[in-house]
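S.K.: Sequence below, structure please.
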Amino acid sequence: MATDVNSGAVRQAKASADGTYVIAGLPSGNYHVTAGDKEAADVSVAVASVAVYDFGADKAGSTGTTTVVVTGRRPSVEIRSSQVNQFVSLHDIQALPQATRNFMEFADTVPGVQFNVDGGSTHNTSLRGGAQLASAVNVYIDGVSQKDFVQGGSGFAGSAGVNGSGDPGNPFPQLAIGEYKVVTSNYSAEYGDAASAIIIAQTKSGGNKFHGEIFGTYTDENLRAKYPSEKASGTEKGKAPSKEYGLAFSGPIIKDRMHFFVTWEHKDLSNQSDVYPGAGVSLSQAQALLPANVASQYGPLTNPFTEDLYFGKIDFEPSPNDRIEASLNYRLEDMFTGGTGQNAKSTEAPYTNNVKRSDIRWQHSTDAWVNELRLSYQDTNASTSTTTGSPQFAYTYYPNASSVSNPTAGSVGLINVGGPGSGVGAVSSQKGFTLQDDLTFANLEAYGNHTLKIGVSYGSIDLFTQDGSSDKSNATYYYAVTASGVSATPYLVQYPNIVPGYTNTSVSTTDKQFSAYIQDDWQVNDRLEINLGLRWDHEEVPAYLNYVTPSDVVAGINSLYPGTTLTYKQVLALQISNKPGAPGINLDNYISTGSNRKAPNNFAPRLGFSYDLTGDGRRVLFGGYARSYNRNLFRTLALETTKVALNNNPQIYFPSPINQDAFGACFTAADVNPAHHCYAWDASYLTPAGLSTLQTDASSHEVDLLNNDIRTPYSDQYSLGIRNTLGEWNTQATLSYITSYDSIIGRLGNRYADGSYFQNGSQWGAQGVPGVGGLILWDNGGKDENLQLGLAAQKPYTKESGWSMTVSYTYSDAKQNNVAGINPYSVGNNQYLFDYPNISDYPLLQSTAVPKHRLVMTYSRDLPWDMSMAAKLSVATPTSAMQIYGCQTPNVSVCNSYGGSVQTIVSERPKDTIGYKEIDLQISKNFKLPSGVDGYVRADVLNLFNWVNYDPNSVYFPNFGEKPVYTKNGPIVGSPFTVRLSTGAKF
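M.R.: A predicted model of the protein is given here:
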């Protein structure tokens with residue numbers, strides 16, 4: 001029998017013939033465990049864990065040993081498990097230095113996991129496992145998946161922001177988190193919607209005593225060093241107070257029966273960022289080229305951000321066999337987004353992110369089985385919006401404008417000012433319920449003992465996505481900047497435009513989600529355990545399955561290719577014998593009738609083992625294989641509708657010496673020809689009414705077609721490792737190989753009359769769908785692989801020793817094929833690959849997402865006079881940057897003509913030896929207050945030595961054959977030297 005020391009809840013089970021028994025379904029916590037009337041022990045249970053406590057045969061009153069699913073202290077690793085996992089304890093959450101109060105910040109103490117704080121205006125946070133995207137992660141809180149189905153974002157619904165990269169807020173109040181487990185591969189079959197790491201967190205519950213906690217944290221510009229941009233511009237640090245505060249309260253409603261826990265946390269940040277010129281142009285050079293009112297918008301800026309997090313939970317034990325939990329979680333955020341990089345503060349737009357979740361769970365236990373029935377509800381919305389449209393003005397530098405042969409070579413974006421541009425108006429939301437039932441059978445005997453878990457779930461979630469506003473007030477006007485100054489009139493305007501005949505610029509659908517699993521944890525004997533699992537997932541997305549390709553698109557595909565006797569579909573189906581690898585595209589695979597698409601049935605096997613080499617749990621060999629399916633994000637599946645209706649990029653040119661690459665010549669007044677999108681400039685075009693008079697043809701529109709057989713992205717995970725217990729230390733060494741397949745990639749479908757992709761070294765003159773628009777085809781094809789070695793050593797904190805330490809080293813040999821494309825460099829998030837005709841033409845090259853070497857160390861110690869300290873060291877080698885050398889590459893005269901070798905694509909690391917390095921410290925002083933209240937004051941010192949960690953997104957290649965370099969006056973990752981002051985109290 002196990003009794004929860006905190007709440008008084010009781011669970012019990014009967015021993016089998018050999019004296020073993022399993023108490024399934026225990027929440028994490030401290031328990032008083034008895035085996036009949038022979039023995040008692042105080043033990044602990046970690047979140048989502050299986051561990052062993054052995055009373056011994058003579059004490060259990062049995063012919064064998066008595067085994068309970070508990071352990072004598074909270075482990076830092078789960079000893080008998082085939083999963084690659086590690087725990088993050090409440091002590092680590094409370095003691096280690098921290099920059100964000102995002103509870104997942106400590107997950108990077110686990111090999112293979114990165115917690116990132118980007119260098120953009122929002123200081124977005126994200127979590128990624130291995131070489132995969134953040135959207136491949138999933139987070140479970142109290143057993144409930146937090147997955148973002150629309151855009152991704154570290155597995156947290158509502159945390160994706162408007163671009164899927166996360167935001168600076170905390171996804172969940174840290175005061176509510178008790179502890180969590182990080183599993184990087186080979187998780188059991190009950191977990192889905194993930195292809196890389198998963199986080200399994202347990203929230204706190206109330207007990208039989210009242211407890212409370214309050215905290216406050218403060219920092220401002222006087223408590224930090226200058227950013228590189230502030231040093232470069234010579235500007236003073238702007239006012240930037242940032243405050244975080246909150247409270248938690250818990251206690252009994254009915255002693256031993258009903259308890260409550262509530263918490264609230266508030267965040268009020270002054271996020272610092274930088275506006276700087278594009279790669280290769282210094283700040284002083286850009287300021288000299290631009291008008292004073294534009295140049296003055298360079299430098300640091302502040303982006304206010306506010307967040308309120310609410311969480312409440314009630315637990316009720318109506319009988320020793322029943323437990324009911326009900327919880328409610330709110331997350332409310334407001335900020336401005338857009339000001340960073342080449343986007344001045346004036347381009348910002350309001351952003352809101354609201355998340356509402358509720359969950360009710362009923363657990364019923366017997367001696368032989370435990371059933372858990374759960375109903376969850378979610379309502380999330382993230383959007384950017386503006387009530388007043390405002391034009392944006394983009395300034396582009398053309399250093400070779402005087403060149404007759406190639407005036408646009410080496411062009412660099414200098415700065416964008418004015419309004420937010422055509423991207424404003426993006427919205428994503430998900431709303432609906434999930435019903436889930438899990439049944440666990442313990443102590444099934446057949447060639448050993450089995451713990452069998454079976455589960456089914458059904459979800460109905462309303463999904464919504466909108467790419468942007470259709471307000472022409474948010475047009476972007478491009479001005480050429482040369483050595484002689486800024487052009488008097490723009491050479492190009494781009495603006496939101498609803499395509500004639502279409503009205504629906506957003507997509508909504510009711511997503512039906514079905515899943516089932518079976519997991520058998522088979523204890524063959526005292527040393528060997530085998531884990532067998534199978535998971536099935538089935539998802540129906542009507543917006544994709546029932547989509548009907550518009551009739552004008554189908555007509556255009558079946559019409560004659562201009563100047564030929566073949567239809568457009570026939571031209572794209574051609575195989576060109578003298579152009580190896582040239583496309584042969586069957587467009588019938590992309591035309592949907594509303595009934596020729598099928599929802600996939602995904603079966604994911606899980607197989608693992610653990611073998612106790614010494615028989616006492618001190619040296620355990622483990623390993624396994626698992627297939628795990630993630631999901632296709634709804635924003636991508638909706639592109640067929642949103643892109644064909646709302647075209648944000650009609651290109652209208654005005655006479656300018658640099659307009660060589662327009663739709664035909666547009667150099668002088670003699671070249672004015674609306675058929676070529678070349679108009680004489682008129683000041684009325686600065687207004688929405690004036691833009692409405694412009695006529696655009698099909699070449700300005702975009703047709704996105706998804707393959708009718710889109711599959712679900714997945715990963716295959718292989719691992720082999722060994723865990724050791726050496727005194728108070730737990731060590732782990734794991735070799736993992738993870739390959740991921742089938743992420744969706746968009747490629748350019750336009751082709752020349754002979755079916756070829758390139759002519760004269762360029763793909764941009766090829767024909768789109770006649771009468772409709774340029775063609776983008778979406779297929780499964782993204783792939784990455786990662787051979788990873790993880791070494792971990794942990795000495796858990798105990799009151800007796802007064803200290804703790806963790807060491808985590810990761811070696812990654814990671815490769816990706818979606819790391820290069822229309823941008824000169826990438827960080828591995830690119831969905832568009834336009835430089836080659838087929839996805840298969842892109843080789844697997846060194847990943848831009850993960851460093852080859854990474855070391856994280858933490859240390860905490862109790863000090864005299866009720867003081868304590870903690871430190872964290874993070875060091876990593878630089879991540880690679882990619883470049884496709886082609887027409888737009890500075891100082892390269894030869895275009896990336898198809899048929900060239902893969903040497904035209906390079907993946908290289910910057911020449912710096914270390915890409916990231918930081919030491920953080922924390923020191924606290926505890927003191928006693930009246931009425932038994934414990935108070936504290938604390939200082940967190942981030943980036944103690946003020947090391948500059950340049951943003952990998954600012955990497956560029958100066959010239960052909962040269963190694964990439966960082967933009968030294970651009971943003972940094974993390975923060976400069978910063979002090980955060982905190983105080984709080986507990987009772």
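
S.K.: Low-confidence ranges, the stretch 451-600 of the chain, go.
M.R.: Confidence mapping of the stretch 451-600 of the chain against pLDDT under 70 gives the ranges 500-504, 576-583.

S.K.: now the strands for it?
M.R.: Shown for the stretch 451-600 of the chain, the strands assigned by DSSP state E, counting those that start in this stretch span residues 476-482, 485-486, 492-494, 497-498, 506-523, 528-540.

S.K.: With distance to residue 735 and mean neighbour count added, can I get those strands in CSV?
M.R.: Bear in mind the C-beta positions are built from the backbone N, C-alpha and C, glycine included. Below are those laid out as CSV (distance: least, Cβ to Cβ, whole Å; neighbours: other Cβ atoms under 10 Å):
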stretch, distance to residue 735, mean neighbour count
strand 476-482, 50, 22
strand 485-486, 57, 13
strand 492-494, 50, 22
strand 497-498, 53, 18
strand 506-523, 23, 19
strand 528-540, 18, 20
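
S.K.: of all the ones you listed, which lies closest to residue 374?
M.R.: Nearest of the strands of the stretch 451-600 of the chain to residue 374, taken as Cβ to Cβ: strand 506-523 at 13.1 Å.

S.K.: tell me which strands and helices the closest one is in contact with?
M.R.: When contacts are defined as 3 or more Cβ pairs under 8 Å, 6 or more residues apart in numbering; DSSP states H and E, strand 506-523 sits against strand 427-445, strand 449-466, strand 528-540, helix 542-545, helix 634-637, helix 639-645.

S.K.: Would you format the ones you listed as TSV with distance to residue 139 included?
M.R.: Output for those, formatted as TSV (distance: least, Cβ to Cβ, whole Å):
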stretch	distance to residue 139
strand 427-445	15
strand 449-466	16
strand 528-540	18
helix 542-545	25
helix 634-637	18
helix 639-645	26
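
S.K.: Any idea which of these gets closest to residue 807?
M.R.: strand 528-540 (27.2 Å).

S.K.: Okay, now the sheet partners of that closest one, with direction.
M.R.: Taking DSSP bridges as the criterion, strand 528-540 forms sheet pairs with strand 506-523 (antiparallel), strand 601-612 (antiparallel).

S.K.: Export the ones you listed as a markdown table, with columns for distance to residue 635.
M.R.: Output for those, formatted as a markdown table (distance: least, Cβ to Cβ, whole Å):
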| stretch | distance to residue 635 |
| --- | --- |
| strand 506-523 | 9 |
| strand 601-612 | 20 |
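
S.K.: Residue 94 is nearest to which of the ones you listed?
M.R.: strand 601-612 (30.7 Å).

S.K.: Show the contacting residues for residue 381.
M.R.: Shown in contact with residue 381 (Cβ atoms under 8 Å, 6 or more residues apart in numbering): 158, 352, 353, 354, 427, 428, 429.

S.K.: Let's see that with 10 Å instead.
M.R.: Contact analysis of residue 381 by Cβ atoms under 10 Å, 6 or more residues apart in numbering lists 158, 352, 353, 354, 355, 356, 427, 428, 429, 430, 431, 464.

S.K.: Would you mind measuring from it to residue 353?
M.R.: Between residue 381 and residue 353 the distance, using Cβ to Cβ, to the nearest Å, works out to 7 Å.

S.K.: Over to residue 801?
M.R.: Noted for residue 801: a distance of 42 Å to residue 353, by Cβ to Cβ.

S.K.: more crowded one of these two?
M.R.: Legend: neighbour count by other Cβ atoms under 10 Å for residue 801 and residue 353, higher for residue 353 (22 against 12).

S.K.: In three-state terms, label the more buried one for me.
M.R.: Per DSSP: H, G, I helix; E, B strand; the rest coil, the secondary structure class of residue 353 is strand.

S.K.: Report the beta-bridge partners for it.
M.R.: What pairs with residue 353, by the bridge criterion (DSSP bridges), is residue 333, residue 382.

S.K.: ok, residue 254 - contacts?
M.R.: Residue 254 makes contacts with 208, 316, 317, as judged by Cβ under 10 Å, 6+ apart.

S.K.: ok, so of those, who is nearest residue 477?
M.R.: residue 316 (62.3 Å).

S.K.: That closest one is in what secondary structure piece?
M.R.: Using DSSP states H and E, residue 316 sits in strand 299-319.

S.K.: For that strand, list every residue counted as buried.
M.R.: Across strand 299-319, burial judged by 16 or more other Cβ atoms under 10 Å covers 299-303, 305, 307-317.

S.K.: follow-up on the earlier one: of the strands of the stretch 451-600 of the chain, which is nearest residue 324?
M.R.: Across the strands of the stretch 451-600 of the chain, residue 324 has its closest neighbour in strand 506-523 (23.7 Å, Cβ to Cβ).

S.K.: Can I get that closest one in CSV, CA atoms only?
M.R.: Extracted C-alpha coordinates of strand 506-523, given in CSV (Å, rounded to 0.1, in the frame of the first residue of the first chain):
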residue,chain,number,x,y,z
SER,A,506,-8.5,32.2,-45.0
VAL,A,507,-9.1,28.5,-44.4
SER,A,508,-11.0,26.8,-41.6
THR,A,509,-11.6,23.1,-41.1
THR,A,510,-12.7,20.6,-38.4
ASP,A,511,-9.8,18.3,-37.9
LYS,A,512,-10.7,14.7,-36.8
GLN,A,513,-8.0,12.9,-34.9
PHE,A,514,-8.1,9.2,-34.0
SER,A,515,-5.4,7.2,-32.2
ALA,A,516,-4.9,3.9,-30.4
TYR,A,517,-2.0,2.2,-28.8
ILE,A,518,-0.9,-0.9,-26.9
GLN,A,519,2.3,-1.0,-24.8
ASP,A,520,3.6,-4.1,-23.0
ASP,A,521,6.4,-3.7,-20.5
TRP,A,522,7.5,-7.3,-20.1
GLN,A,523,9.7,-8.1,-17.1
